[in-house]
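**Q** Sequence first, then the predicted structure:
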2 protein chains.
Amino acid sequence: MDAALKALAEPRRRAILRLVWSQELPASEIAEGFPDVTRPAISQHLTVLKEAELVTERREGTRRLYRANTDTMAELRAFLDDYWTSGLERLRDVAEAAENRKRATKGSS
Amino acid sequence: MDAALKALAEPRRRAILRLVWSQELPASEIAEGFPDVTRPAISQHLTVLKEAELVTERREGTRRLYRANTDTMAELRAFLDDYWTSGLERLRDVAEAAENRKRATKGSS
DNA sequence: GAACTCCGTCAGTTGACACTTACGTAAGCA
DNA sequence: TGCTTACGTAAGTGTCAACTGACGGAGTTC
């Protein structure tokens, strides 16, 4: 999960992920989408994405077909939703605690 | 926005952000929450978070008080929601295109 | 003004990372 | 078997990032 977030922090990898989100693509076609970098660079990005389980690899002859792993992406999304939400809950808790302190002070002093 | 995502990719910064999410805290207290690293390290993390506009800084005497910037966090959340959603839309588009191709082939051959 | 607190910043080190070129390897084809 | 295609991988480089210890500056206290 941490690896997935880290992988997504890189703009190029986000672009790659979008490319294979909706369609399975061979590494060569993915690389063609990024003329400013060499093919090995893309291959390495794909390895990172694969290790983060953000994409799956399927071999077909000499080609390797990549596709986005929507399951992991859903998990990551849930993780982030949890992150925001638990923060809001904490905000509520602190607000309540402050309220309690205020009441206690008013009562004791 | 890119800076914010990159800042969040670091677990320590996520922890710091949670800490100041619900309450304004001086740098010293934040640093106390992380005994395994030195105070300057936390100060640098706070600088990164501040430059990504994920936290705001307020000076009060010799102290500097930090608080999470929920606006930026909302923006980041929207950005990610857009990322997922536009991917899904593309998925739909490709599905439609495939359907069209199928129909065209059926008609022509 | 002297001392103390709180905190950022500088200099330097270490490790990670995005990238390159060169090479290796597995699968299809003559 | 040799050649070609489609890849990953190894090795090396420049850059960035996380961290440490040492220092400096702003603000309060006496």
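**A** Cool, got the structure. Residues are numbered from 1 along each chain as shown, chains lettered A, B, ... in the order given.

**Q** quick one: the helices in chain A?
**A** Secondary structure of chain A (DSSP state H): helices at A:2-8, A:11-19, A:27-32, A:39-51, A:70-108.

**Q** Dump those helices into CSV; add mean pLDDT as well.
**A** As requested, the helices of chain A are arranged in CSV below (pLDDT from 0 to 100):
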stretch, mean pLDDT
helix A:2-8, 95
helix A:11-19, 96
helix A:27-32, 96
helix A:39-51, 98
helix A:70-108, 70
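
**Q** any idea how far the closest residue to residue A:55 other than its chain neighbours is from DNA strand D?
**A** Closest residue to residue A:55 in three dimensions, ignoring its sequence neighbours and counting by CB to CB, 6 or more residues apart in numbering or on different chains: residue A:49, at 4.5 Å. All C-beta atoms are positioned from the backbone trio N, CA, C, and that covers glycine. When CB to the nearest atom of the strand, to the nearest Å is the yardstick, residue A:49 and DNA strand D sit 10 Å from each other.

**Q** Please apply the same query to residue A:22.
**A** Plainly put, residue A:22 is 18 Å away from DNA strand D if you go by CB to the nearest atom of the strand.

**Q** So that residue versus residue A:69, what's the distance?
**A** Plainly put, residue A:22 is 13 Å away from residue A:69 if you go by CB to CB, to the nearest Å.

**Q** Run a quick neighbour tally on residue A:14.
**A** By the other CB atoms under 10 Å in any protein chain shown criterion, the neighbourhood of residue A:14 contains 17 residues.

**Q** Could I get the contacting residues of the residue nearest to residue A:26 when sequence neighbours are not counted?
**A** In space, and not counting its chain neighbours, residue A:26 is closest to residue A:63: 4.4 Å by CB to CB, 6+ apart. For residue A:63, the contacting residues are A:26, A:27, A:28, taking CB atoms under 8 Å, 6 or more residues apart in numbering or on different chains as the criterion.

**Q** buried subset of those residues?
**A** By neighbour count, with 16 or more other CB atoms under 10 Å in any protein chain shown, the contacts of residue A:63 hold A:26, A:27 as buried.

**Q** out of the contacts of residue A:63, who's nearest residue A:5?
**A** Distance ranking of the contacts of residue A:63 against residue A:5, using CB to CB, places residue A:27 first at 23.9 Å.

**Q** Touching, residue A:2 and residue B:12? I think so.
**A** No. Contact between residue A:2 and residue B:12 fails when scored by CB atoms under 8 Å: they sit 11.4 Å apart.
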